[in-house]
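K.L.:
sharing a model prediction with you, sequence too.
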Protein chains: 2
Amino acid sequence: MSINLDRRKKYTRMVLKNSFIQLLNEKAFSSITVKEICVLADINRSTFYTHYTDQFDLLYQIEAEIIEEMNKYLNECNFVEEEESIEMTEKLLEYIKNRKEICQTLLHRNTGTSFEKRVMDIAREFLLNKAINMKTTEASYLSTFIISGALHVIKEWLANDTKESPRRIAEMISQFTNKGLLFMN
Amino acid sequence: MSINLDRRKKYTRMVLKNSFIQLLNEKAFSSITVKEICVLADINRSTFYTHYTDQFDLLYQIEAEIIEEMNKYLNECNFVEEEESIEMTEKLLEYIKNRKEICQTLLHRNTGTSFEKRVMDIAREFLLNKAINMKTTEASYLSTFIISGALHVIKEWLANDTKESPRRIAEMISQFTNKGLLFMN
DNA sequence: GACACCGTGTTGGATATTCAACAAACAGTT
DNA sequence: AACTGTTTGTTGAATATCCAACACGGTGTC
């Protein structure tokens, strides 16, 4: 998205995205029509097609934007040491909290969305990259185990309206990671 | 405002009006520039001039719309008897409550705004027309006394975020009108 | 199968808005 | 008075969006 985008285009995309997200909160993706997106957004349907191919395209672009933003946000940190893992987790959670509505919507969808996978990839890259040697099969499964667990913790956190602080959740995830059930003792 | 107004025009006018009202809440009318209205509204300045002549025109149109809506709202009631005064007052207060933000802004301005006078005219017409014989000088002063008092009650009510119900305020105004200080006994 | 309705993808012309630029007026500073 | 910065009112060309319409496909009803 160019920095010099005409403000009309910006507005149009914004309202189409927001309307689509609102509808996603109310009904299944497969039952959402281009027409109702445009009615809700108060945008002419032909204009929709100058920006997006269809609902899949719209969804994909929304997801891509969030992923790009997330990456950017996380790349703004210059962490150096291994104990930075908890800080990175916190940072990721801050981002998610800031965009909690769209993140909840996208992570909550009941299809095998690529968004969930993309978030897991980011988490894997930023949170575990320096903590686990990825060269063994076990390590690969372990990282999947950990990231999947973390993701579902995040989903629950979102469902609880991000009541706990990002730091608190980051600490919990870190301890679950390091101690597993030993954490309960 | 035609029923078939192009949606782009509708949007443009809406954001210009809302931005102007927001600025009115923050600073004096005389210090508000066309430029900052447009910046806040994210609308090109030349577009402002296709809709409005200047800030005065914008203000005037906003006021005219509110007055027209108010009249319409009040004309939807078919009251028949003299005791309907209290119902009309309530109705007017309902309208004001529904549009409390803009009403408070416009009534709160520290210039001799025509809006205040126009609201007083409406109040005079709907609330007192059947209750006071307007043919004497004293009656004219009396109605001015009553309407002015009522209007300042309304302003105070708005400043208290319309905490009391329109009915409660309507009853109070009615009793102040009918009994003056006897109400305190 | 015929019909009605709905959403879709597309088209062409009209319209509203954008943008950059200009000249002028205004206000503040030296 | 000269200079600087800001806002204003305006202009013309480009652009984005609007609107109505069309043909088509899909669905449901009789």
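P.N.:
All right, it came through fine. Numbering: from 1, shown residues only, chains lettered A, B, ... in the order given.

K.L.:
drop to CA atoms for contacts and neighbour counts, all remaining ones
P.N.:
Will do.

K.L.:
what about the longest helix in chain A?
P.N.:
Counting by DSSP state H, the longest helix found in chain A is helix A:137-159.

K.L.:
from the contact counts, what lies against that helix?
P.N.:
Packing partners of helix A:137-159 (3 or more Cα pairs under 8 Å, 6 or more residues apart in numbering or on different chains; DSSP states H and E): helix A:100-108, helix A:114-123, helix A:166-179.

K.L.:
list the buried residues in it.
P.N.:
Within helix A:137-159, the residues that qualify as buried are A:143, A:146, A:147, A:148, A:150, A:151, A:154, A:155, A:157, A:158, counting by 16 or more other Cα atoms under 10 Å in any protein chain shown.

K.L.:
next, give me the two most distant ones among the residues you listed.
P.N.:
When Cα to Cα is used, the two most widely separated members of the buried residues of helix A:137-159 are A:143 and A:158, lying 22.2 Å apart.

K.L.:
domains for chain A, by residue range?
P.N.:
Following the assignment in automatic domain parsing, chain A carries domains at A:1-52, A:63-184.

K.L.:
which one of the ones you listed has the lowest average pLDDT?
P.N.:
Least confident of the domains of chain A, judged by mean pLDDT, is domain A:63-184 with a mean of 81.

K.L.:
write out the residues of chain A neighbouring DNA strand D.
P.N.:
Applying Cα under 7 Å from any atom of the strand, we find that chain A lies next to DNA strand D at A:6, A:8-13, A:42-47, A:50-51.

K.L.:
let's see it at 6 Å
P.N.:
Contact residues (Cα under 6 Å from any atom of the strand) of chain A with DNA strand D: A:6, A:8, A:9, A:12, A:43, A:44, A:46, A:47.

K.L.:
so how many other residues sit close to the third one?
P.N.:
Other residues within reach of residue A:9 by the criterion other Cα atoms under 10 Å in any protein chain shown amount to 12.

K.L.:
how about the first one?
P.N.:
Residues within reach of residue A:6, counting by other Cα under 10 Å, total 9.

K.L.:
can you check the last one too?
P.N.:
Counted by other Cα under 10 Å, the residues lying close to residue A:47 total 13.

K.L.:
mind checking how far it is from residue A:53?
P.N.:
11 Å (Cα to Cα, to the nearest Å).

K.L.:
swap in the first one?
P.N.:
Between residue A:6 and residue A:53 the distance, using Cα to Cα, works out to 20 Å.

K.L.:
next: the fourth one.
P.N.:
According to Cα to Cα, residue A:12 and residue A:53 sit 15 Å apart.

K.L.:
between the two, which one's more packed in?
P.N.:
Each of residue A:12 and residue A:53 has its neighbours counted (other Cα under 10 Å); residue A:12 has more, 17 against 10.

K.L.:
wait, what's in contact with the more buried one?
P.N.:
residue A:43 (Cα atoms under 8 Å, 6 or more residues apart in numbering or on different chains).

K.L.:
residue B:105 is nearest to which of the domains of chain A?
P.N.:
domain A:1-52 (27.6 Å).

K.L.:
centre of the chain to the closest one, how far?
P.N.:
20 Å (Cα atoms, centre = their mean, to the nearest Å).

K.L.:
cool, and stretch A:117-124?
P.N.:
9 Å.

K.L.:
buried residues in it, which are they?
P.N.:
A:119, A:120, A:122, A:123, A:124.

K.L.:
ditto for stretch A:58-72
P.N.:
Using 16+ other Cα under 10 Å as the test for burial, stretch A:58-72 gives A:58, A:59, A:62, A:63, A:66, A:67, A:70, A:71.

K.L.:
before we move on, which element is the fourth one in?
P.N.:
Looking back up the chat, that one is residue A:63. Assigned by DSSP states H and E, residue A:63 falls within helix A:55-75.

K.L.:
okay, the angle between that helix and helix A:114-123?
P.N.:
20 degrees (axes from the mean of the first three to the mean of the last three Cα atoms, to 10 degrees).

K.L.:
helix A:55-75 packs against which elements?
P.N.:
Packed next to helix A:55-75, using 3+ Cα pairs under 8 Å, 6+ apart, are helix A:85-98, helix A:114-123.

K.L.:
can you put those helices in JSON lines and add distance to residue B:23?
P.N.:
Compiled in JSON lines, the helices and strands packed on helix A:55-75 are given as follows (distance: least, Cα to Cα, whole Å):
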{"stretch": "helix A:85-98", "distance to residue B:23": "27"}
{"stretch": "helix A:114-123", "distance to residue B:23": "40"}
